[in-house]
Structures are given as structure tokens and as C-alpha cells.
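Student: Give me a 3D structure for the following:
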Amino acid sequence: ADQGDAFAQFNLGLLYANATGVDQDYAEAARWYRLAANQGNVNAQVGLGLCYEAGMGVDQDAAEAVVWYLMAANEGNADAQVSLGYCYEVGTGVNQNHAEAARWYRVGANQGDADAQYSLGIRYEIGTGVDQD
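Tutor: Numbering: from 1, shown residues only. Prediction:
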């Protein structure tokens, strides 16, 4: 990780976030996630987004969370796509936009993500962001 390996940096961040073999330290987790995320590691981008959304190890900043989710979502990460859909659904870090929420849920659902499929199904059931069906 110290040598700049993004995969190692992400994994070290995960160890700090989950208190696996080290004391739990969200600030350290966010630091390692950021190093990996800046190198394009999509899992680290999602992890850093979660840190910002929840205020774990960083100041809570929903708009910054959306920035990191969007990077990972555009690279095809289904977890990021679901998180981004949720942000649009409830207006966290972005203006609430049910159609955009449904779009991101659909992208994740098309990859087989069960959470995305469920969330998209609910959108169709109640007709939020899509025509009720």
C-alpha cells in the first residue's frame, strides 16, 4: 500500500473500516480509500463515497459522496449505481429526481444486482420515476 498499489490501498482501507487485524479507524480507512480511489479503484471510490455519506472518518458531505459514487457507477460498479439511485431517490447530495433514481436502479438491475432490481421494482409498483406497471 505504501508503494502506491491501489488494490493494496483499498484493502488496507477495508481493514481499517472493518477493524480486521487493526483497531477500527475510519479516518485511516478514508485516507487509504482516497489514495486508491484517485488511481481509479472503483471499490475504493464506493468506499470513500460511503465514508462521505455517513461522515465516517471525514466530514459528512453528501454531495462529495455523490461525486465518488458517480465515478464508480460510470465504470460499471453496481453498488455505486444503487447508491447513486438512492441519492437521487431521496435527494441526498443531489436534487431529488425520481426518473434519475430509476435510471440508475435500472443500470444496476441490468447487471443482475438484487438491490437494484428490488428498488426498480418498487419504482414500477408505485409509479415513481417511471410509469406504474
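Student: from here on, contacts and neighbour counts on C-alpha atoms
Tutor: OK.
Student: list the contacts for Tyr69?
Tutor: Shown in contact with Tyr69 (Cα atoms under 8 Å, 6 or more residues apart in numbering): 45-46, 49, 80-81, 83-84.
Student: Poorly predicted segments of this protein, please.
Tutor: Within the chain, no range satisfies pLDDT under 70.
Student: residue boundaries of the helices in it?
Tutor: Using DSSP state H, the helices of the chain run over 6-18, 26-37, 42-54, 62-74, 78-90, 98-110, 114-126.
Student: ok now the fifth one, how far from the chain's centre?
Tutor: To tie it back to what came earlier, the one meant is helix 78-90. Centroid displacement of helix 78-90 relative to its chain, using Cα atoms, centre = their mean, to the nearest Å, is 7 Å.
Student: same thing with the third one?
Tutor: A distance of 5 Å separates the C-alpha centroid of helix 42-54 from that of its chain, computed with Cα atoms, centre = their mean.
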